[in-house]
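**Student:** Have a look; sequence and predicted model below, questions after that.
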Amino acid sequence: MQVRCATDDDVDEIRKLLDLSKLPSKDLDQHIDNFILISDQTGVIGVGGLELYADTALLRSVAVTHAYRNQGLGKKIFQLLESNALAAGISCLYLLTESSEIYFKQLGFSVISREKAPHSIKNTEQFKGLCPSSAIVMRYRLAAK
């Protein structure tokens, strides 16, 4: 397995994984520079990304192919993104989810009301329409390790 930063050349393959995982991919190419992927000889098997906004970021599109689930790859991707966020001066991560609330609570995220999300997050394509208004908003406070 190889872990690396995503490039423009990876967009189509990442989009396929996100579509299979029923995650939004419409604006993927706008944020590809802040995506990490894990691949094997078959191609991309895991992915996750950030949208950076001053001292906050939107965690998005964490997905692992079905064959590789429950092996810790999602957590590994999250930890790498967390390190990248800390290095970029991010103090809080936010995410929107319809189906992974329990998983992200286990990683330390807490549910917040949509109204408590900062303007920078409310202004993202994900928040404004790519994710349904029924999606749960979660927050994770970063701490230097």
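**Tutor:** That came through fine.
**Student:** mind checking which helix or strand L80 is in?
**Tutor:** Taking DSSP states H and E as the definition, L80 sits inside helix 73-87.
**Student:** Could you point out the helix or strand that follows that helix?
**Tutor:** Following helix 73-87 toward the C-terminus (DSSP H and E): strand 92-97.
**Student:** Only alpha carbons, please: show that next one as CSV.
**Tutor:** Output in CSV follows, covering the C-alpha atoms of strand 92-97 (Å, rounded to 0.1, in the frame of the first residue of the first chain):
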residue,chain,number,x,y,z
CYS,A,92,-11.0,23.1,14.5
LEU,A,93,-12.2,20.6,12.0
TYR,A,94,-15.8,20.4,10.9
LEU,A,95,-17.7,17.8,8.9
LEU,A,96,-21.2,17.0,7.6
THR,A,97,-22.5,13.5,7.7
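**Student:** Now the element after it, going C-ward?
**Tutor:** Later in the chain than strand 92-97, the nearest helix or strand by DSSP H and E is helix 101-106.
**Student:** Report all helices and strands that that next one contacts.
**Tutor:** When contacts are defined as 3 or more C-beta pairs under 8 Å, 6 or more residues apart in numbering; DSSP states H and E, helix 101-106 packs onto strand 136-141. Backbone N, C-alpha and C define where each C-beta goes, glycine included.
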